[in-house]
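Colleague: sequence first, then the predicted structure, then my questions.
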Amino acid sequence: MKEIVIISGKGGTGKTSITASFAVLGGTNVVLADCDVDAADMHLLMQPDFGNEHDFYSGELAYIDQSNCTRCGLCRQICRFDAISVIDGEYVVAPIDCEGCGYCARVCPTKTIINKKLLAGKWYISNIKTGSQMVHARLETGADNSGKLVAKVKDEAKAIALGKRKDYILVDGSPGVGCPVVSSLSGANFVVLVTEPSVSGLHDLKRVHQLVKKFNIRAGCIINKADINPGLSNDIKLFLEKENIAHLADLPYNEDFTMAMTQGETIVEYRQGTLTALIKESWEKIKVLTNQNKIK
């Protein structure tokens with residue numbers, strides 16, 4: 001079983017659309033993991049049934065028992081996050097501001113403040129239209145610890161893939177270089193970098209590749225909308241050659257991408273043509289490269 005992670009240095013490069021296309025091409029042999037938990041949207045293309053739902057708890061939240069509170073105000077004075085306010089004469093914790101540090105509970109003279117486990121989101125195991133399964137999640141508004149939720153999604157996808165003897169786990173990672181991306185990369189066999197020929201696209205490609213190099217994982221790159229700026233596309237290709245990153249494909253700008261999404265389809269389902277052929281060719285290259293050894 002091999003794990004392929006698709007990431008991008010910035011949002012809007014077409015990463016999720018390309019990942020969903022690979023999932024369709026892989027069919028029942030691929031377990032899909034949507035690890036972009038802060039802004040999950042893979043469900044829009046894969047038609048999950050949300051059949052298996054679980055709560056995700058991470059971190060803690062202070063809770064004030066009003067029946068025992070003496071209104072001394074000490075908790076409010078010491079809260080460095082300004083998470084405690086007075087509403088109608090009662091001291092109340094604002095969940096979105098509380099960091100769960102527990103200091104208010106320690107200083108409370110009547111021990112009326114306790115920390116409770118925080119419901120930070122939900123995760124799901126769904127049957128999807130490819131005949132396979134997808135593990136995905138939703139992080140609650142303002143909740144942190146998205147890296148831990150990503151790890152949970154990946155662990156569950158891996159358990160399914162091993163149990164059902166699937167060949168691949170396909171991971172749709174978050175854009176950027178933050179905690180969710182680090183968690184997505186852990187344990188991967190191959191990384192696909194999706195970029196676009198813009199100044200920010202090249203800059204963020206370089207930045208995210210620095211992170212990939214620290215994991216010592218072989219990488220390939222797809223340049224989406226490659227024809228909108230040939231000069232910058234060439235600069236990207238020079239960078240790929242310099243860093244020994246496999247150049248997987250140049251995808252031309254094509255409004256079929258958008259038209260397919262409005263129909264809830266991937267491009268490989270929507271229309272057979274140059275774009276579909278290039279994505280199919282990329283998927284075949286990725287499978288070959290994934291089964292090679294890691295970079296020495």
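Modeller: Cool, got the structure. Because the structure is a prediction, the values reported are computed rather than measured.

Colleague: any idea which residue of this structure is furthest from its center?
Modeller: T70 (44.5 Å; Cα atoms, centre = their mean).

Colleague: that residue contacts P109, doesn't it?
Modeller: Yes - using Cβ atoms under 8 Å, T70 is in contact with P109, at 7.3 Å. Just so you know, the C-beta spots here come from the backbone N, C-alpha and C atoms, and that holds for glycine as well.

Colleague: quick check: chain neighbours aside, which residue is closest to L193?
Modeller: Among residues not flanking L193 along the chain, C221 sits closest, at 4.4 Å (Cβ to Cβ, 6 or more residues apart in numbering).

Colleague: hey, what's the one you found bridged with?
Modeller: Here C221 sits in beta bridges with L193, H247, as judged by DSSP bridges.

Colleague: residue contacts, the most centrally placed residue in the chain?
Modeller: Centroid-nearest residue in the chain, with Cα atoms, centre = their mean: D36, separated by 2.1 Å. Contacts for D36 (Cβ atoms under 8 Å, 6 or more residues apart in numbering) come out as 16, 42, 172-175, 180.

Colleague: quickly name whichever of those is closest to G147.
Modeller: Nearest to G147, judged by Cβ to Cβ, of those is P180 at 5.5 Å.

Colleague: host element of that closest one?
Modeller: helix 179-185 (DSSP states H and E).

Colleague: any weak-confidence spans in the stretch 101-250 of the chain?
Modeller: 142, 144-145 (pLDDT under 70).

Colleague: strand partners of the biggest strand by length in the chain, parallel vs antiparallel please.
Modeller: Ordering each strand of the chain by length in residues (DSSP state E) puts strand 113-127 first. Strands adjacent to strand 113-127 in the sheet, as given by DSSP bridges, are strand 52-64 (antiparallel), strand 133-139 (antiparallel).

Colleague: restricting to C-alpha, output it in PDB.
Modeller: Only the C-alpha atoms of strand 113-127 are listed here, as PDB (Å, rounded to 0.1, in the frame of the first residue of the first chain):
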ATOM      1  CA  ILE A 113     -14.200  26.300  37.200                       C
ATOM      2  CA  ILE A 114     -13.400  23.100  35.400                       C
ATOM      3  CA  ASN A 115     -11.900  22.200  32.000                       C
ATOM      4  CA  LYS A 116     -13.900  20.100  29.600                       C
ATOM      5  CA  LYS A 117     -12.800  18.300  26.500                       C
ATOM      6  CA  LEU A 118     -13.500  20.400  23.500                       C
ATOM      7  CA  LEU A 119     -15.600  19.100  20.600                       C
ATOM      8  CA  ALA A 120     -13.400  20.400  17.800                       C
ATOM      9  CA  GLY A 121     -15.100  18.800  14.800                       C
ATOM     10  CA  LYS A 122     -16.400  15.700  13.200                       C
ATOM     11  CA  TRP A 123     -14.900  13.000  10.900                       C
ATOM     12  CA  TYR A 124     -16.600  10.600   8.600                       C
ATOM     13  CA  ILE A 125     -16.100   7.400   6.700                       C
ATOM     14  CA  SER A 126     -18.100   7.600   3.500                       C
ATOM     15  CA  ASN A 127     -18.900   5.400   0.500                       C
END
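
Colleague: what comes up buried for it?
Modeller: Neighbour counts over strand 113-127 (16 or more other Cβ atoms under 10 Å) mark 113, 115, 118, 120-127 as buried.
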